[in-house]
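A.B. asks: output the structure for:
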Amino acid sequence: MEDVVIAGAGPTGLMLACELRLAGVDVLVVERLTEPTRDSRAGGLHPRSLEVLDQRGMLDPFLAEGRPLPGTRFAGLPLDLSGLPTRYPFLLVIVQRRIERLLEARARELGVRIRRGVEVTGLRPGPTSAGAASPTAGTLAAAESVVVETTAGSVETRYLVGCDGGRSVVRRLAGIDFPGTPATITSILGDVELAEPPAEQFLIQRTPRGNFSVLGFEEGWRRVIVEEAGATVADSTAIGFEDLRAMLIRVAGTDFGMHSPRWISRFTDVARQAACYRSGRVLLAGDAAHVHSPAGGQGLNTGLQDAFNLGWKLALVVRGSADEELLDTYHEERHPVGARVLSNTRAQSALSAPGAHVDALRAHVGDMLATPDANREIAMMITGLDISYGLGSRVPDRELPDGTRLFEHLRTGRPILADVAGEPVDSRLVSELKGSGEPLLIRPDGYPAWKEPLGREALSTALRPWR
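C.D. replies: Predicted coordinates:
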């Protein structure tokens, strides 16, 4: 029997696999695609995602391949990141296929098994589960193991995590509801070469006919994104290069001499979220748990942080160091984060619509975002730096008296006990993390797990899974 099977070898699935293997859990990743996709819808890593990679010692290759930009956009309006309280106050421009390649290399280095060309086709309770002969959502949720039917045969696993995208087969087979709002627009996008590129490296324009962007992620080609006001295209309708070109001409008045497409795709502003991120031994992460407009570039980043939250919890449960109830905190902590992303992307879609009324609203919002306080609040939200779980927000990195950095001590995937001597935890620091020197237990994902006012008995309880 497998410890954990992950469906989907995208950024979320690969990040989760790395976290589990770091904690000593055996992981099998199954991916329906026979080779990594050439599509690179996502184009950047936010500051919190960069912190996550740093906390696991994985960041340097990403920095080497990416390009930092001091800002991003909120509904196309400038958003400055340069003053955020982080070691990485910028957007790292790096396309998704490069992110996936670097994560897969790390996963294989850790011993993750990845089987490509394998598609999940069914789920049923394991043979020792009550009601195993009745593979309904109810019996599946109560199962003691899950049998995953795939195009390559069956595999039994203690836990299955669906990281298989917005059309998640795992979510559907597990009977998890996916409520939300339907699409109001369809955008066509593609990577192309331009004979007459605009002078701006990142051109984002809103017009009475719709919106378009021409983005220079890498040398030699541009990412073109265009949406036509009031136009939707059914998922069943085939689209191609000429559709992208024709829509861009209608909206922008030119096609910039586009040619030599690498790939063409589409997206909408549909916004849906799984009703629950866990149903028994089946869990969801990334786009399988939440889909929304790509406004603000939050999708991939939210998925990486789902994985970072779930990984250490699932590892403790699989190893028998913590009760299954710990997995419920994954939904409790990450579902509100996903809901907020859906909310702000809906707001950005509304702010991007054509018309004089929206023009007036954008002018006021733009003025507000030009003020330091409003810019900081929205930037912290978009980048995930303001996320708080239970005892507070993430503990920032800082230099320590011994010449190391706090984040370096999280690279083993174990907690840090700071300012307290003699407690049974592997990684121990004696430093003043917050000017007062208040004792603090830091979770493997960098958030507080215990503070001194809770008392030493609560500390002993918090440390128990790692003893």
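A.B. asks: which residue ranges form the helices in the stretch 151-300 of the chain?
C.D. replies: 169-173, 241-252, 299-318 (DSSP state H, counting those that start in this stretch).
A.B. asks: distance of Glu332 from Arg278?
C.D. replies: Counting by C-beta to C-beta, to the nearest Å, the gap from Glu332 to Arg278 is 10 Å. (Glycine included, C-beta is placed from N, CA and C.)
A.B. asks: and Val148, what are its phi and psi?
C.D. replies: phi -100, psi 120 (degrees, to the nearest 10).
A.B. asks: name all residues that make contact with it.
C.D. replies: Val148 makes contact with 5, 7, 30, 120, 122-123, 154-157, 160 under the criterion C-beta atoms under 8 Å, 6 or more residues apart in numbering.
A.B. asks: just want the most central residue of this protein.
C.D. replies: Gly303 (1.8 Å; C-alpha atoms, centre = their mean).
A.B. asks: doesn't His292 make contact with that residue?
C.D. replies: No - applying C-beta atoms under 8 Å as the test, Gly303 and His292 come out as separate, 11.6 Å apart.
A.B. asks: name the residues contacting each of those two.
C.D. replies: With C-beta under 8 Å, 6+ apart, Gly303 and His292 have no common neighbours.
A.B. asks: could you report the neighbour count for Phe241?
C.D. replies: 16 (other C-beta atoms under 10 Å).
A.B. asks: what does Phe217 give?
C.D. replies: Phe217: 20 neighbours (other C-beta under 10 Å).
A.B. asks: what's the next secondary structure element after the helix or strand of the chain with the lowest mean pLDDT?
C.D. replies: When the helices and strands of the chain are scored by mean pLDDT, DSSP states H and E, strand 427-429 comes last with a mean of 60. The helix or strand immediately downstream of strand 427-429 is strand 440-442, counting by DSSP states H and E.
A.B. asks: heading C-terminal from that following strand, find the next helix or strand.
C.D. replies: strand 448-451.
A.B. asks: pull up the pairing partners for that next one, direction included.
C.D. replies: When pairs are called by DSSP bridges, strand 448-451 turns out to pair with strand 440-442 (antiparallel).
A.B. asks: can you pull out the low-pLDDT segments for this protein?
C.D. replies: Within the chain, the ranges that satisfy pLDDT under 70 run 39-40, 128-138, 236, 420-437.
A.B. asks: what's the longest helix in it?
C.D. replies: Looking across the chain with DSSP state H, the single longest helix is helix 325-351.
A.B. asks: for it, the distance to its chain's centre please.
C.D. replies: Averaging C-alpha positions (C-alpha atoms, centre = their mean, to the nearest Å) puts helix 325-351 11 Å from its chain's average.
A.B. asks: would you mind pulling the contact partners of the next helix or strand after it?
C.D. replies: Remark: after helix 325-351, the chain's next helix or strand is helix 356-369, criterion DSSP H and E. Applying C-beta under 8 Å, 6+ apart, the external contacts of helix 356-369 come out as 74-75, 77-79, 350-352, 374-375, 378.
A.B. asks: which two in those residues are spaced the farthest apart?
C.D. replies: The two members of the contacts of helix 356-369 with the most space between them (C-beta to C-beta) are Ala350 and Asn375, at 19.9 Å.
A.B. asks: which of these two has more neighbours?
C.D. replies: Asn375 (21 against 13).
A.B. asks: quick check: angle from the host helix or strand of the more buried one to helix 356-369?
C.D. replies: Assigned by DSSP H and E, Asn375 belongs to helix 372-383. With axes from the mean of the first three to the mean of the last three C-alpha atoms, to 10 degrees defining the directions, helix 372-383 sits at 100 degrees from helix 356-369.
A.B. asks: show me what secondary structure element comes after helix 372-383.
C.D. replies: Under the assignment DSSP H and E, the closest C-terminal helix or strand after helix 372-383 is strand 388-389.
A.B. asks: my guess is Asp323 meets Val317, correct?
C.D. replies: Yes - with contact defined as C-beta under 8 Å, Asp323 counts as touching Val317 (7.3 Å).
A.B. asks: more neighbours, these two?
C.D. replies: Val317 (20 against 11).
A.B. asks: that one and Arg281, how far apart?
C.D. replies: 10 Å.
A.B. asks: tell me if I'm right that Ala42 and Arg97 touch.
C.D. replies: No - taking contacts as C-beta under 8 Å, Ala42 lies outside contact range of Arg97: 9.4 Å.
A.B. asks: neighbour count winner among those two?
C.D. replies: With neighbours defined as other C-beta under 10 Å, Ala42 and Arg97 compare such that Ala42 has more, 21 against 15.
A.B. asks: give me every residue that touches the more buried one.
C.D. replies: Going by C-beta under 8 Å, 6+ apart, Ala42 touches 11, 95-96, 99, 294, 297, 299-300.
A.B. asks: what's the closest of those residues to Thr461?
C.D. replies: Distances from Thr461 to those, taken by C-beta to C-beta, are shortest for Pro11, at 34.0 Å.
A.B. asks: now the closest one, what are its backbone angles?
C.D. replies: Backbone torsions of Pro11, given as degrees, to the nearest 10, read phi -60, psi -40.
A.B. asks: for the longest helix of the chain, name the packing helices and strands.
C.D. replies: strand 271-273, strand 278-279, strand 290-291, helix 299-318, helix 356-369, helix 372-383 (3 or more C-beta pairs under 8 Å, 6 or more residues apart in numbering; DSSP states H and E).
A.B. asks: now render those as JSON lines, adding distance to Met1.
C.D. replies: Shown next, in JSON lines, are these (distance: least, C-beta to C-beta, whole Å):
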{"stretch": "strand 271-273", "distance to Met1": "31"}
{"stretch": "strand 278-279", "distance to Met1": "19"}
{"stretch": "strand 290-291", "distance to Met1": "30"}
{"stretch": "helix 299-318", "distance to Met1": "11"}
{"stretch": "helix 356-369", "distance to Met1": "52"}
{"stretch": "helix 372-383", "distance to Met1": "39"}
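A.B. asks: and Glu218, which of the ones you listed is closest to it?
C.D. replies: Closest to Glu218 of those, according to C-beta to C-beta: helix 299-318, at 16.6 Å.
A.B. asks: and the angle for the closest one with helix 325-351?
C.D. replies: 170 degrees.
A.B. asks: and helix 299-318, how far from the chain's centre?
C.D. replies: On C-alpha atoms, centre = their mean, the centre of helix 299-318 falls 9 Å from that of its chain.
A.B. asks: can you check stretch 363-382 too?
C.D. replies: With C-alpha atoms, centre = their mean, you get 23 Å for stretch 363-382.
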